[in-house]
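Undergrad: One predicted model, sequence on top.
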Amino acid sequence: MKDKRFQIAHKEAIVGVILVIINFLWWYGFAYGLGSGDPRKYSYILGMPAWFFYSCVAGTVVMNVIVYLCIKFIFKEVSFDEEEGDGL
Amino acid sequence: MKTAVIIPLLLFLVLYFLIGVWANRFVKSSNNFLQEYFLGSRELGGFVLAMTLIATYGSASSFIGGPGVAYTTGLGWVLLSMAQLPTGYFVLMVLGKKFAIIARKKNYITIIDYLKDRYKSNSIVLISALSIIIFLFSSMIAQWVGGGRLIESLTGLSYRTSLLIFAITVLVYVLIGGFRAVVLTDTAQGIVMLVGTIVLLAATIAAGGGLQAIMSKLTAENPNFVSPYGAERQLTSLYVSTFWILVGVGVIGLPQMAVRAMSYKDSKSMHRAIIIGTIVIGTIMFGMHLIGVLARAILPGIEIGDKVMPMLTLEVLSPILAGLVLSAPMAAIMSTISSLLILVSSTIVKDIYLNFIQPNATEKQIKQTSFWVTTLIGAAVILFALNPPDLLVWLNLFSFGGLESVFIWPIILGLYWGRGNKYGAISSMIIGMGSYILFDRLYPNALGMHTVVLPIFFSFITFILVSLATASVEFQGETWAE
């Protein structure tokens, strides 16, 4: 007995894993990509070191946007009641 | 001065108490006591779900300990704390609708109900229940010790009095209102945490003359404060990255988080909670830890990390606003404790009493037992917090990473891997906790990674190998992986 709702749920769980991977890569890439040089020579954005701005500030905003878009366009509403599989 | 600070704290306390009284009406009128008292009748909407996840997760360490470490470490610690962003979306996305649907269909009240039904094993019930009771009990005590000391330092009341006022209020609202009171107070407390963070961050930046000025001051003292590597360049990228397992994805293995993934009303609530939760957890974790770093430019030379946040607040804000902001760490502490209290209580009542002691208890007996159990645990926590025994302080060290190592694979693989069986689950739980304690004692931060990494890896391998090796012995008839 296959429940269609579970197929949707499986897909959404994979989206969750992909999001964490994107989140991590963005965070790591900017932090250690821009931040590994001499701290005295950092460039600054809005009063913050560029690595910090991109990794922690922009990264958080970007993740929020991606999460929002995923929910809007990928996540589906399903019914949690007994009858199987007729959620949208 | 001290009075002005304490007024907001006490007003919020009254508010939380009234929420408990209000929630009590649902407990009284519900025709399914267990489901209402321990799960709020699965009626959580999106906003409440987001806030209760955040408030349960955000604790004394997010508001007191964390900023204290950031103060001595610099921006590298803010970077590390951002590993917590996934807690806003990952738990709900990965446990997801499947967990919510199955929990509803099979009427699970606790995480252990799920594990018991999935693996058909009483040993799992016992191991899980013991881990939850022992580790979360000590964790509640640790939170109260932090809360009591904070109130003591702010108000001049004795530690004993501070603790009793706050702890008894929390005990009463949890006792009379159950899970519904817990999540509704969590919501109010989550708002206090969010507002407190934003107010304090803005005031701190202003007091320091802007971010640029603060950063130059920090760079002048030690350039490494503004690097990702920490003041002594002690934070390697590998070590910091492994916090993504401890405080990011691993959080899914904490029973107090996972149980919330079966308590919401419908899929719309879950969607909203993910969006709201990600924004709020990002703001709080980023804000509080950045505040710790900025504090260094405003109040240099604080020796004890835990004092940074309270001292800074009193320095940069007027007394009333300071009281509001200092209600945030208290809110974080109370919301964590209330969630743990109702969880430990549900474990004892639903998983121990109804499983092993009195399976045929009447509704009335269940009610009475629930109230007594909650009262006794709450009272025991307060008693021990007045004079915390070393053993409990020690146990609390394992209550985060250790519980993750125990529960993460049985919960996730149980849901998504049909071949996982009880032998795999039991052995992975034992290996998870055992190796966590051993590594912590003998070889902490093994191979430059946080201690939690290897135990979670070992418990994964154990789960898979043992399940495959015993596949012929144990066949799970249910279509869990479909």
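TA: Now that the structure is in, tell me what you want to look at.
Undergrad: Give the other helices and strands that the helix or strand hosting A:K11 contacts.
TA: Here A:K11, judged by DSSP states H and E, is contained in helix A:4-35. On a contact count with 3 or more C-beta pairs under 8 Å, 6 or more residues apart in numbering or on different chains; DSSP states H and E, helix A:4-35 meets helix A:50-52, helix A:59-73, helix B:90-105, helix B:237-243. C-beta: built from backbone N, CA, C; applies to glycine.
Undergrad: For B:G292, which of the ones you listed is the nearest?
TA: helix A:50-52 (14.0 Å; C-beta to C-beta).
Undergrad: count of neighbours near the closest residue to chain A within the stretch 301-450 of chain B?
TA: Closest contact between the stretch 301-450 of chain B and chain A, by C-beta to the nearest C-beta, is at B:Y416 (7.1 Å). Look at B:Y416: counted by other C-beta atoms under 10 Å in any protein chain shown, it has 19 neighbours.
Undergrad: Show me what residue of the stretch 201-350 of chain B gets nearest to chain A.
TA: B:L211 (2.9 Å).
Undergrad: Can you check what pLDDT the model gives that residue?
TA: For B:L211, the pLDDT comes out at 97.
Undergrad: Same check on the one 3 residues further on?
TA: Looking at B:I214, its pLDDT reads 98.
Undergrad: you'd agree it is up against B:L290?
TA: No: B:I214 lies out of contact with B:L290 (C-beta atoms under 8 Å); the separation is 10.0 Å.
Undergrad: still on that earlier bit, check contacts around the residue of the stretch 201-350 of chain B closest to chain A.
TA: Contacts here follow C-beta atoms under 8 Å, 6 or more residues apart in numbering or on different chains; on that basis B:L211 touches A:L46, A:G47, A:M48, B:I205, B:L294.
Undergrad: where are the low-confidence patches of chain A?
TA: Residues of chain A meeting the criterion pLDDT under 70: A:1-2, A:82-88.
Undergrad: now do chain B
TA: Chain B contains residues with pLDDT under 70 at B:1, B:473-482.
Undergrad: I'd like the helices and strands packed on helix A:4-35 as JSON lines, with mean neighbour count appended.
TA: Compiled in JSON lines, the helices and strands packed on helix A:4-35 are given as follows (neighbours: other C-beta atoms under 10 Å in any protein chain shown):
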{"stretch": "helix A:50-52", "mean neighbour count": "24"}
{"stretch": "helix A:59-73", "mean neighbour count": "17"}
{"stretch": "helix B:90-105", "mean neighbour count": "24"}
{"stretch": "helix B:237-243", "mean neighbour count": "19"}
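Undergrad: I'd like to know which of these lies nearest to B:A379.
TA: When those are compared by C-beta to C-beta, helix B:90-105 sits nearest B:A379, at 30.7 Å.
Undergrad: buried ones in the helix holding A:K11?
TA: For helix A:4-35, the neighbour count (16 or more other C-beta atoms under 10 Å in any protein chain shown) marks A:5-6, A:8-10, A:12-13, A:15-16, A:19-20, A:23-24, A:26-28, A:30-32, A:34-35 as buried.
Undergrad: Just give me how far that helix sits from the chain centre.
TA: 5 Å (C-alpha atoms, centre = their mean, to the nearest Å).
Undergrad: which is the next helix or strand following it?
TA: strand A:44-45.
Undergrad: That next one near chain B at all?
TA: Yes: on the criterion C-beta under 8 Å from any C-beta of the partner chain, strand A:44-45 is in touch with chain B at A:Y44.
Undergrad: What lies in contact with that strand?
TA: A:A50, A:F53, A:Y54, B:Q212, B:M215.
Undergrad: Mind listing the strands that strand pairs with, and their directions?
TA: Strand A:44-45 pairs in its sheet with strand A:48-49 (antiparallel), by DSSP bridges.
Undergrad: Give me the residues contacting the partner strand.
TA: A:L34, A:G35, A:P39, A:Y42, A:S43, A:V57, B:L75, B:L211, B:M215, B:V226, B:S227.
Undergrad: what does stretch B:109-126 give?
TA: B:34-35, B:38-39, B:99, B:102-103, B:106-108, B:128-129, B:132, B:255, B:258-259, B:262, B:343, B:346-347, B:350-351, B:355-356, B:407, B:410-411, B:414-415, B:421-422, B:425-426, B:429, B:476, B:478, B:480.
Undergrad: The residue lying closest to B:F47 once chain neighbours are set aside: what's it in contact with?
TA: Residue nearest to B:F47 in three dimensions, not counting chain neighbours: B:I276, with 6.0 Å by C-beta to C-beta, 6 or more residues apart in numbering or on different chains. Contacts of B:I276 were listed using C-beta under 8 Å, 6+ apart, and they are B:G46, B:F47, B:A50, B:M51.
Undergrad: and residue 16, what does it touch?
TA: With no chain named, the answer covers chain A. A:G16 neighbours (C-beta under 8 Å, 6+ apart): B:Y89, B:F90, B:M93, B:V94, B:G96.
Undergrad: Correction: the question concerned chain B.
TA: So B:Y16 contacts B:T169, B:V170, B:Y173, B:T185, B:A188, B:Q189, B:M334 (C-beta under 8 Å, 6+ apart).
Undergrad: if you set the cut-off to 7 Å instead, what comes out?
TA: B:T169, B:Y173, B:T185, B:A188 (C-beta atoms under 7 Å, 6 or more residues apart in numbering or on different chains).
Undergrad: just checking: which of those residues also lie near chain A?
TA: When these are checked against chain A using C-beta under 7 Å from any C-beta of the partner chain, none falls in range.
Undergrad: top of those by neighbour count?
TA: B:T185 (31 neighbours).
Undergrad: Can you name the next helix or strand after the helix or strand hosting it?
TA: Assessed by DSSP H and E, B:T185 sits inside helix B:159-207. As assigned by DSSP H and E, the chain's next helix or strand after helix B:159-207 is helix B:211-221.
Undergrad: how about that following helix: buried residues?
TA: Here helix B:211-221 shows B:L211, B:I214, B:M215, B:S216, B:K217, B:L218, B:T219 as buried, counting by 16+ other C-beta under 10 Å.
Undergrad: most centrally placed residue in the chain?
TA: You didn't pick a chain, so chain A it is. A:L19 (3.7 Å; C-alpha atoms, centre = their mean).
Undergrad: Can you look at chain B instead?
TA: By C-alpha atoms, centre = their mean, the most central residue of chain B is B:Y57, 3.1 Å off.
Undergrad: That one contacts B:M257, correct?
TA: Yes: using C-beta atoms under 7 Å, B:Y57 is in contact with B:M257, at 6.5 Å.
Undergrad: So for the two, which residues contact both of them?
TA: B:V251.
Undergrad: Leaving out sequence neighbours, find the closest residue to residue 6.
TA: No chain was given, so I picked chain A. Closest to A:F6 by C-beta to C-beta, 6+ apart is B:K98, at 5.3 Å.
Undergrad: that's the wrong chain, I wanted chain B
TA: That would be B:T155: by C-beta to C-beta, 6+ apart, it lies 5.0 Å from B:I6.
Undergrad: coming back round to it: was I right about the residue nearest to the centre of chain A contacting B:Y89?
TA: Yes: A:L19 lies in contact with B:Y89 (C-beta under 7 Å); the separation is 6.3 Å.
Undergrad: shared neighbours, the two?
TA: Common neighbours of A:L19 and B:Y89 (C-beta under 7 Å, 6+ apart) are A:V67.
Undergrad: Pick out the residue of the stretch 51-200 of chain B closest to chain A.
TA: B:M93 (3.0 Å).
Undergrad: right, and that residue touches A:A13 too?
TA: Yes: if you go by C-beta under 7 Å, B:M93 and A:A13 touch, sitting 6.3 Å apart.
Undergrad: B:G76 belongs to a strand?
TA: No: per DSSP: H, G, I helix; E, B strand; the rest coil, B:G76 lies outside any strand segment and is helix.
Undergrad: Now it: closest residue in space, sequence neighbours ignored.
TA: B:G76 sits nearest to B:G230 (C-beta to C-beta, 6+ apart), 4.2 Å away.
Undergrad: which residues touch whatever helix or strand B:M257 lives in?
TA: Under the criterion of DSSP H and E, B:M257 resides in helix B:255-258. Helix B:255-258 is contacted from outside by B:53, B:56-57, B:91, B:95, B:111, B:132, B:251-252, B:339-340, B:343, B:403, B:407, B:411, using C-beta under 7 Å, 6+ apart.
Undergrad: Thank you, goodbye.
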